[in-house]
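S.K.: A predicted structure for the sequence below; I have some questions about it.
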Amino acid sequence: MTLAWAHQQRTHDATAVDVCWAAGMGGLAIAAALLAGGDPARRTLVALLGGLWSARLAGFLYRNRVRGHAGEDARYRRLRAAFGRHAGAGFLAFYQGQALATALFALPFLACAQAQAPLSGPAAIAALLVWALAVGGESLADRQLARWRAEPAHRGRTCRTGLWAWSRHPNYFFEWLHWWTYPLLALGSEAFWPTLAGPLLMYATLHYATGIPHTERQALAHRGADYAAYQREVPEFFPRPPRPPERGA
């Protein structure tokens with residue numbers, strides 16, 4: 001993260017910090033699997049599942065927020081303006097905060113990789129199913145939103161198709177669901193309780209920090225009444241079958 005901070009000092013663009021965070025998580029999952037001394041089957045799954053999840057997310061963020069996009073993401077432009085002439089020190093603290101968050105989110109990887117108890121077959125199957133549902137659902141939500149935004153006629157309107165008719169933030173829901181993979185992998189071992197840090201931290205981050213509050217403020221600022229109607233029609237986080245749209249919407 002310090003190297004990433006030095007890069008943004010030259011470019012004055014902090015957009016890639018999200019890519020660094022996602023890639024760093026995969027690196028820590030693989031490092032935990034290689035360096036810890038727990039059950040080999042569990043360590044293999046930690047490296048495989050954590051690494052593949054990270055590669056998909058980092059690749060998506062790079063393609064959709066960094067490559068081919070001119071200028072800094074609006075979130076970081078506002079942060080830069082708030083830091084003012086202290087932007088260098090402010091962003092250094094911000095990047096180190098991201099590094100700390102990465103270390104905290106890596107606790108489930110490390111706990112799983114250190115667990116000595118043999119991996120349970122049913123627990124492994126459940127973990128694989130949850131991981132596949134979570135990563136597949138997040139990928140589908142990302143693709144559906146990208147297709148919607150690619151249509152010029154949809155400019156200024158809210159996506160209500162596919163998974164976006166079931167939840168206002170299906171990508172966040174499936175991201176949170178992914179973190180239940182590791183408690184399932186640790187089921188029946190001494191590592192179970194530490195792995196709960198993953199879903200708990202992700203839920204808190206999405207609901208009270210940088211996830212849903214920021215996204216909803218931005219959506220209301222840009223789409224106004226259309227997004228306010230969407231808020232009334234569609235649940236914030238946990239999916240449910242869509243209801244008929246409001247009359248006249």
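M.R.: Received it, and whenever you're ready, just let me know what you need.
S.K.: please state the offset of the one helix or strand in the chain whose mean pLDDT sits lowest from the chain centre?
M.R.: Lowest on mean pLDDT, DSSP states H and E among the helices and strands of the chain sits helix 74-83, with a mean of 88. Taking CA atoms, centre = their mean, to the nearest Å, one finds helix 74-83 lying 21 Å from the centre of the chain it belongs to.
S.K.: which helices and strands does that helix pack with?
M.R.: helix 87-105 (3 or more CB pairs under 8 Å, 6 or more residues apart in numbering; DSSP states H and E). Quick note: C-beta positions are derived from backbone N, CA and C, even for glycine.
S.K.: how about residues contacting the helix it packs on?
M.R.: Residues outside helix 87-105 that contact it (CB atoms under 8 Å, 6 or more residues apart in numbering): 1-2, 4-5, 8-9, 14, 17, 20-21, 24-25, 28, 79-80, 82-83, 197-198, 201-202, 205.
S.K.: mind redoing it with 7 Å?
M.R.: 1-2, 4-5, 8-9, 14, 17, 21, 24-25, 28, 79-80, 83, 197-198, 201 (CB atoms under 7 Å, 6 or more residues apart in numbering).
S.K.: same thing with stretch 122-132?
M.R.: With CB under 7 Å, 6+ apart, stretch 122-132 has contacts from Leu45, Leu49, Leu177, His178, Trp180, Thr181, Leu184, Leu185, Leu187, Gly188.
S.K.: name the helices or strands packed onto the one helix or strand the first one maps to?
M.R.: For Leu45, the enclosing helix or strand under DSSP states H and E is helix 40-61. The elements that helix 40-61 packs onto, with contact taken as 3 or more CB pairs under 7 Å, 6 or more residues apart in numbering; DSSP states H and E, are helix 17-35, helix 107-114, helix 121-150, helix 181-185.
S.K.: nearest to Arg243, of the ones you listed?
M.R.: Shortest distance between Arg243 and the helices and strands packed on helix 40-61, using CB to CB, is found for helix 121-150: 18.7 Å.
S.K.: next, the residue nearest the centre of the chain: secondary structure please.
M.R.: The centroid of the chain falls nearest to Glu175 when counting by CA atoms, centre = their mean (5.1 Å). The three-state label given to Glu175 by DSSP: H, G, I helix; E, B strand; the rest coil is helix.
S.K.: for it, which non-adjacent residue is closest in space?
M.R.: Glu138 (5.8 Å; CB to CB, 6 or more residues apart in numbering).
S.K.: one step back: and the contacts of the least confident helix or strand of the chain?
M.R.: Ala14, Thr15, Ala87, Gly90, Phe91, Phe94, His214.
S.K.: report the two of these separated the most.
M.R.: Farthest pair in these, by CB to CB: Ala87 and His214, 19.7 Å.
S.K.: neighbour count winner among the two?
M.R.: More crowded of Ala87 and His214, by other CB atoms under 10 Å: Ala87, with 18 against 12.
S.K.: report pLDDT for the more buried one.
M.R.: Here, the pLDDT recorded for Ala87 equals 91.
S.K.: and for Arg160?
M.R.: For Arg160, pLDDT reads 92.
S.K.: by neighbour count, sort out the buried ones in the contacts of helix 87-105.
M.R.: 1, 4-5, 8, 14, 17, 21, 24-25, 28, 79-80, 197-198, 201 (16 or more other CB atoms under 10 Å).
S.K.: so which of those residues is the closest to Asp73?
M.R.: Using CB to CB, those come closest to Asp73 at Ala14, 7.5 Å.
S.K.: cheers, nothing more for now.
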